[in-house]
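Participant: Mind looking at a prediction? Sequence and model below.
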Amino acid sequence: MTARIIDGKAVAAGLRQRIAARVAGLGYRPGLRVVRVGDDPASGVYVRNKDKAAKEVGFDSATIALPAETTEAELLAVVAQLNADPAVDGILVQLPLPPQIRAEVVISAVAPEKDADGFHPLNAGRLASGQAGLVPCTPKGVMHLLAASGAVLPGARAVVLGRSNIVGRPMAQLLLAADCTVTIVHSRTRDLPAECRRAEILVAAVGRAEMVRGDWIAEGATVIDVGINRLADGRLVGDVAYAEAAARAEAISPVPGGVGPMTIACLLENTLDAAIARRAPRGG
Ligand code: GUN
């Protein structure tokens, strides 16, 4: 079998188009502010791409670039200002932050209703208890890809490789909410290959280049590769050994061109949803 390719570029383009159409009908421009501290080059690329995509769908988007020496108190003051600004619907503080700043303190300081990343503990708790809230962008993008691929989720055995707050844990919650039978596996799991082979849907999010080999994949599985790893020779690869996995899977998302474009599209979707929820008249 050679797997069908799940084309994240195409799915993301469709989602961005639907977002642009919704924005055009609003009568105002949703406001997004991306805060970047320091000059990590990879973060620079991500932040520019987010800003560009936001402007393309008609958002009022701006990046706030702060020096690497910014203190936690200074960053918290910027977040407080954005929380209070009625023109701002979505706030994203790009991670990683410099070592003098505690990420969990900053994440908890973002107003939950403007938490475009879905990282605030209130939104994480809402997701874990099945309530509506803002959901982390990468796992949300994976759910869009699974829907586009035609995967049948209710009752499916889903295995999530990785347990980060950004991807693995919220991913497992979303699959559970979609009625999958969910297993989270990680670096301390005994016999990882055997656990992964049980998966009808496998989501790999460990950040280790080509760790998932072909013989970890069940025949006919759907494989979503969240990893983006740069090899010494400059090539970008996922967490899954693509050619080996594609020989056994029924459908697979490539790297690049799979989950990556979905993350930004879902950031826009979160910001639009936040804008509509925040600006809607209450109690009527
Ligand atoms: N750094 C890498 N991925 C992300 C993300 O999804 N959100 C934020 N804020 N920072 C990141």
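Facilitator: Here it is on my side, so go on.
Participant: hey, let's count contacts and neighbours off CA atoms from now on
Facilitator: Fine.
Participant: what are the ranges of the helices in this structure?
Facilitator: Per DSSP state H, the chain carries helices over the ranges 8-24, 41-56, 72-84, 103-109, 121-128, 137-149, 168-177, 192-197, 242-246, 259-279.
Participant: Can you lay out the ones you listed as TSV showing mean neighbour count, distance to Trp216 and mean pLDDT?
Facilitator: Below are the helices of the chain laid out as TSV (neighbours: other C-alpha atoms under 10 Å; distance: least, C-alpha to C-alpha, whole Å; pLDDT from 0 to 100):
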stretch	mean neighbour count	distance to Trp216	mean pLDDT
helix 8-24	17	23	98
helix 41-56	16	30	94
helix 72-84	16	43	99
helix 103-109	16	34	98
helix 121-128	17	28	98
helix 137-149	22	20	98
helix 168-177	22	18	98
helix 192-197	17	5	98
helix 242-246	20	8	98
helix 259-279	23	20	98
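Participant: Can you add distance to Pro96 and give these back as a markdown table?
Facilitator: Shown next, in a markdown table, are the helices of the chain (distance: least, C-alpha to C-alpha, whole Å):
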| stretch | distance to Pro96 |
| --- | --- |
| helix 8-24 | 25 |
| helix 41-56 | 8 |
| helix 72-84 | 13 |
| helix 103-109 | 8 |
| helix 121-128 | 18 |
| helix 137-149 | 16 |
| helix 168-177 | 17 |
| helix 192-197 | 28 |
| helix 242-246 | 28 |
| helix 259-279 | 16 |
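Participant: nearest to Ala232, of these?
Facilitator: Of all those, it is helix 41-56 that lies closest to Ala232, at 15.7 Å by C-alpha to C-alpha.
Participant: chain center to that closest one: distance?
Facilitator: 14 Å (C-alpha atoms, centre = their mean, to the nearest Å).
Participant: So that helix, near the ligand or not?
Facilitator: No: contact of helix 41-56 with the ligand (C-alpha under 6 Å from any ligand atom) is absent, the minimum separation being 6.9 Å.
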